[in-house]
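[1] Take a look and give me a structure for this.
(one chain, ligands or ions: 1)
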Amino acid sequence: MHVAIFGTGYVGLVSGTCLAEVGHHVVCVDVDRDKIEGLDRGVIPIYEPGLEPMVRSNHAAGRLEFTIDAAKAVAGAEVIFIAVGTPPDEDGSADLQYVLAVARTIGRHLLAPAVVVDKSTVPVGTADRVRETIAAELAARDADIAFDVVSNPEFLKEGAAVEDCMRPDRIVIGSSQPASIEKLRKLYAPFNRNHDRIVAMDVRSAELTKYAANAMLATKISFMNEIANIAEQVGADVEQVRKGIGSDPRIGWHFIYPGAGYGGSCFPKDVQALARTAAQHGHEPILLNAVEAVNERQKAHLFDLVVRHYGAAEALRGKTIALWGLAFKPDTDDMREASSRRLLQLLWDAGARVRAFDPEARDEARRIFGQRDDLVLCDSAEEALQGADALAVVTEWKQFRSPDFGQLRQALRDAVVFDGRNLYEPADVEAAGLAYWAIGRGRSILRGNGR
Ligand code: UDX
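    Model (predicted):
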């Protein structure tokens, strides 16, 4: 099948590459000429395990093309994906200007019937707006060409995007036209072999499904962070509590890890956007607002523990903190809404310096923060410890999971570890003579506090 994809960000590039991998002919379009020229030379703008070799081999095989020529891409395509960004507006609702700009472009260049697919996470009702926009452009040039707009939200996770795309647990297709659903069923047939993963529904339900999935996951995390904060106060260990509740299959083991808060390009934005949609339609989203408020507070929690350890924020002036992890989660270089950014800002505001290490996000951190005296971006976890008073861990990269605590004890002048992802056993850290502060681990918090 001939496919055009607008937008070569995470969603567009990964989806396009996976569709090419199973034999479709895919043309990826972007307005960013540098990005397209880079992709043509095999330069992948994001870090995503397995993506680079897949892009290169499909590009070399002629199944995956990159262009800024929208007219050419639209002209030859039976299925046209819209996978451009929907950044938050000032009020938190999704900004649809890029989606609608692509819709206009499609309307201007469409020559033959096609199925247009909303892949970006867009508010309920967007498919209708995309349909109206395309229809207006067609009418303006007196073209009578059949098209449908389908919602087919993407559920990929950064760091496992290729895997998620190649082995989806569901493929949601929203349309009222059986022919469009059939078309996408054919397109996705190679991903749908062993049991049927396609869930067909109406457009609005498909649009809401994406938000509901992300909001549900964000809710689980904020709930656990709330429990962790309670555990801290009452002297319980949230890690024990997690094991105690996860074994109930109705609760499950996934997404009940307390920590320094959720970040990334999806959860913060989608929870806010869904809350806005609810409010715009006259429903007060009490739970969604709370999920977001808990997360905002949680992002500052590790800093609160630092302050508790040192007695006062003023005591941080002149301190050097080693920071392990900058990305919002492991296996990505993405720092959007990352908890590390809040911690960095709070530490800097208190007059501390930071020596940070992240296996992938170093360049991204340089891009965001530029050169500054109170930030040294290091090449290794060990280098970050040099001359540091304390260690804070905010991203659970595998390589941070089992450090030599004896070495940490020698390296850190104040002999203290702040763990925003509960990576260590309190007893192991404390046996090396280090104070250990983690999230919701009551007993060690009480001990760390000298009580
Ligand atoms: C998410 C959804 O998982 C994916 O289905 C959707 O398509 C896009 O949004 P992503 O943002 O890539 O994917 O990351 P995810 O792995 O879900 O993690 C999100 C954040 O939640 C991270 O900051 C992570 O550290 C945090 N998290 C996750 C927790 O704090 N606790 C958990 O138990 C799980």
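[2] Okay, buried residues for the strand or helix carrying residue 59 please.
    Assigned by DSSP states H and E, residue 59 belongs to helix 51-60. Taking 16 or more other C-beta atoms under 10 Å as the neighbour-count basis, helix 51-60 is seen to contain the buried residues 51, 52, 54, 55, 58, 59. Quick note: C-beta positions are derived from backbone N, CA and C, even for glycine.
[3] Looking at these, which one is closest to residue 308?
    Comparing the buried residues of helix 51-60 against residue 308 with C-beta to C-beta picks out residue 51 as the nearest, at 41.6 Å.
[4] Next, give phi and psi for the residue nearest the centre of the chain.
    Computing the C-alpha centroid of the chain and ranking residues by C-alpha atoms, centre = their mean puts residue 264 first, at 3.5 Å. The phi/psi pair for residue 264 (degrees, to the nearest 10) reads phi 100, psi -180.
[5] pretty sure it contacts residue 334?
    Yes: counting by C-beta atoms under 8 Å, residue 264 touches residue 334, with 6.5 Å between them.
[6] okay, and the common contacts of those two?
    With contacts defined as C-beta atoms under 8 Å, 6 or more residues apart in numbering, the residues adjacent to both residue 264 and residue 334 are 158, 328.
[7] any idea which helix or strand comes after whichever helix or strand residue 232 is part of?
    Using DSSP H and E, residue 232 falls within helix 203-234. Following the chain from helix 203-234 toward its C-terminal end, the next helix or strand by DSSP H and E is helix 238-246.
[8] immediately after that next one, which helix or strand?
    helix 267-280.
[9] after that following helix, next one along is what?
    helix 286-299.
[10] Grab the nearest non-local neighbour of residue 161.
    In space, residue 161 comes closest to residue 14 once its chain neighbours are excluded; the distance is 4.5 Å by C-beta to C-beta, 6 or more residues apart in numbering.
[11] Now for the one residue in the stretch 1-150 of the chain that gets nearest to the ligand: which residues touch it?
    Scanning the stretch 1-150 of the chain for proximity to the ligand using C-beta to the nearest ligand atom identifies residue 121 as nearest, at 7.7 Å. If a contact means C-beta under 8 Å, 6+ apart, then residue 121 has 86, 94, 153, 154, 210, 211, 214, 266, 269, 270, 273 as its contacts.
[12] thinking residue 131 is in contact with residue 150, fair?
    No: contact criterion C-beta under 8 Å: residue 131 and residue 150 do not qualify, at 10.1 Å.
[13] where do the helices sit along the stretch 1-150 of the chain?
    10-21, 33-40, 51-60, 70-75, 97-109, 126-140 (DSSP state H, counting those that start in this stretch).
[14] With the stretch 301-450 of the chain instead?
    Taking DSSP H, counting those that start in this stretch, the helices of the stretch 301-450 of the chain run over residues 301-310, 339-349, 362-369, 381-385, 405-411, 426-431, 442-448.
[15] Show me what counts as buried in stretch 137-144.
    Residues of stretch 137-144 classed as buried under the neighbour-count rule (16+ other C-beta under 10 Å) are 137, 138.
[16] residues making contact with it?
    103, 104, 106, 107, 108, 110, 145.
[17] Apply 7 Å and report the result again.
    Taking C-beta atoms under 7 Å, 6 or more residues apart in numbering as the criterion, the residues outside stretch 137-144 that touch it are 104, 107, 108, 110, 145.
[18] What does the pLDDT read for the first one?
    Right, residue 104. Reported pLDDT at residue 104 in the predicted model: 98.
[19] from what I can see it touches residue 133, true?
    Yes: in this structure residue 104 lies within contact range of residue 133 using C-beta atoms under 7 Å: 5.8 Å.
[20] Settle it for me: which of the two has more neighbours?
    When residue 104 and residue 133 are compared on other C-beta atoms under 10 Å, the one with more neighbours turns out to be residue 133, at 21 against 15.
[21] returning to what we had before: export the contacts of residue 121 to TSV and tack on neighbour count?
    Converted to TSV, the contacts of residue 121 look like this (neighbours: other C-beta atoms under 10 Å):
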residue	neighbour count
86	23
94	23
153	24
154	23
210	25
211	24
214	23
266	25
269	20
270	25
273	25
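[22] Which one of the residues you listed is nearest to the ligand?
    Using C-beta to the nearest ligand atom, residue 266 comes nearest to the ligand of these, at 3.1 Å.
[23] Let me see the contact set for the closest one.
    residue 214 are the contacts of residue 266 under C-beta under 7 Å, 6+ apart.
[24] Might you enumerate the residues of the stretch 201-350 of the chain proximal to the ligand?
    Neighbours of the ligand within the stretch 201-350 of the chain, by C-beta under 6 Å from any ligand atom: 214, 217, 221, 255-257, 259, 262-264, 266-267, 328-329.
[25] got JSON lines for these, with distance to residue 338 and pLDDT too?
    Below are those laid out as JSON lines (distance: C-beta to C-beta, whole Å; pLDDT from 0 to 100):
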{"residue": "214", "distance to residue 338": "17", "pLDDT": "97"}
{"residue": "217", "distance to residue 338": "17", "pLDDT": "98"}
{"residue": "221", "distance to residue 338": "14", "pLDDT": "98"}
{"residue": "255", "distance to residue 338": "18", "pLDDT": "97"}
{"residue": "256", "distance to residue 338": "21", "pLDDT": "98"}
{"residue": "257", "distance to residue 338": "16", "pLDDT": "98"}
{"residue": "259", "distance to residue 338": "12", "pLDDT": "98"}
{"residue": "262", "distance to residue 338": "10", "pLDDT": "98"}
{"residue": "263", "distance to residue 338": "4", "pLDDT": "97"}
{"residue": "264", "distance to residue 338": "8", "pLDDT": "94"}
{"residue": "266", "distance to residue 338": "13", "pLDDT": "91"}
{"residue": "267", "distance to residue 338": "12", "pLDDT": "95"}
{"residue": "328", "distance to residue 338": "4", "pLDDT": "97"}
{"residue": "329", "distance to residue 338": "8", "pLDDT": "95"}
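[26] Just the buried residues out of those, in PyMOL syntax.
    Buried members of those can be picked out in PyMOL with the line below, counting by 16+ other C-beta under 10 Å:
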select buried, resi 214+217+221+256+257+259+262+263+264+266+267+328+329
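[27] which of the residues of the stretch 201-350 of the chain next to the ligand lies closest to residue 243?
    Sorting these by distance to residue 243 puts residue 256 at the head of the list, at 9.7 Å, by C-beta to C-beta.
[28] how deep is the nearest residue to that closest one once chain neighbours are set aside tucked in, by neighbour count?
    Using C-beta to C-beta, 6+ apart and skipping the chain neighbours, the partner closest in space to residue 256 is residue 224 (4.9 Å). When neighbours are defined as other C-beta under 10 Å, residue 224 has 24 of them.
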